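Q: this one's sequence-less:
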């Protein structure tokens, strides 16, 4: 099945690359991002992250890369739950990383977590570097999904694990209809008033609609070299954990 993932941009600008638009969008909403996540998901997003991170517990990874780390929520939670030697959080948005750095220092985790600005589709790391890679709500924003996944596969050690947490589309009536109404109308209105960026949360709805969720994403994982791929839907399918190995 083909999908229009790469055609959904944050702003109505056909001359600027999606990557550039995504960077600008997250720089704009960085100060409001954590509050809006908690508020708009009614706090459920934290339990989603916990469940996703716990998928890696049995492997006890010591060197972890958190791609599209944003404000470092997953990196911080991973440090606390898995106690690895080192976590590198990478993100394209300088403003999001600035917020994340403050949170890391406040949690006294700056010896464990290192943040750096970089492109998820051109990772600045050698082959076979990390035991595990986490990505929460990030792959949906890639300009080239397969390129980003191939890069993650490259920097993972053999048998290294990938954990992706991403929005998906509920299939159950009437929850699907309620979810779509909330995402399409309520969420963008709150986001517009709060974050001062009217496009950011409209893009959230559009990008979720365009993303190849469920089996379609498992197919992309397999195509980019991952094996033993599994999908675990959460909260009636609002969100899904994808777990695979190199």
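A: Good, I have the coordinates. The structure presented is a predicted model; accordingly, all values stated were derived computationally and were not measured.
Q: ranges for the helices of this structure?
A: Here the chain has its helices, by DSSP state H, at 18-29, 33-40, 44-54, 73-82, 94-106, 145-155, 175-181, 187-195, 200-210, 215-223.
Q: which residues does residue 72 contact?
A: By C-beta atoms under 8 Å, 6 or more residues apart in numbering, the contact set of residue 72 is 66, 89, 97, 99-101, 103-104, 113, 115. Bear in mind the C-beta positions are built from the backbone N, C-alpha and C, glycine included.
Q: same for the lowest-mean-pLDDT helix or strand in the chain, what does it pack against?
A: Across the helices and strands of the chain, mean confidence by mean pLDDT, DSSP states H and E is lowest for helix 187-195: a mean of 75. In terms of contacts (3 or more C-beta pairs under 8 Å, 6 or more residues apart in numbering; DSSP states H and E), helix 187-195 is packed against helix 18-29, helix 33-40, helix 200-210.
Q: can you lay out the helices of the chain as CSV showing distance to residue 240 and mean neighbour count?
A: Shown next, in CSV, are these (distance: least, C-beta to C-beta, whole Å; neighbours: other C-beta atoms under 10 Å):
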stretch, distance to residue 240, mean neighbour count
helix 18-29, 21, 20
helix 33-40, 17, 17
helix 44-54, 9, 18
helix 73-82, 15, 21
helix 94-106, 23, 18
helix 145-155, 15, 20
helix 175-181, 13, 14
helix 187-195, 19, 16
helix 200-210, 11, 20
helix 215-223, 8, 16
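Q: lowest average pLDDT across the ones you listed?
A: Mean pLDDT per stretch puts helix 187-195 lowest among the helices of the chain, at a mean of 75.
Q: just the residues contacting that one, thanks.
A: By C-beta under 8 Å, 6+ apart, the residues outside helix 187-195 that reach it are 28-29, 32-33, 35-36, 39-40, 197-198, 200-202, 204-205.
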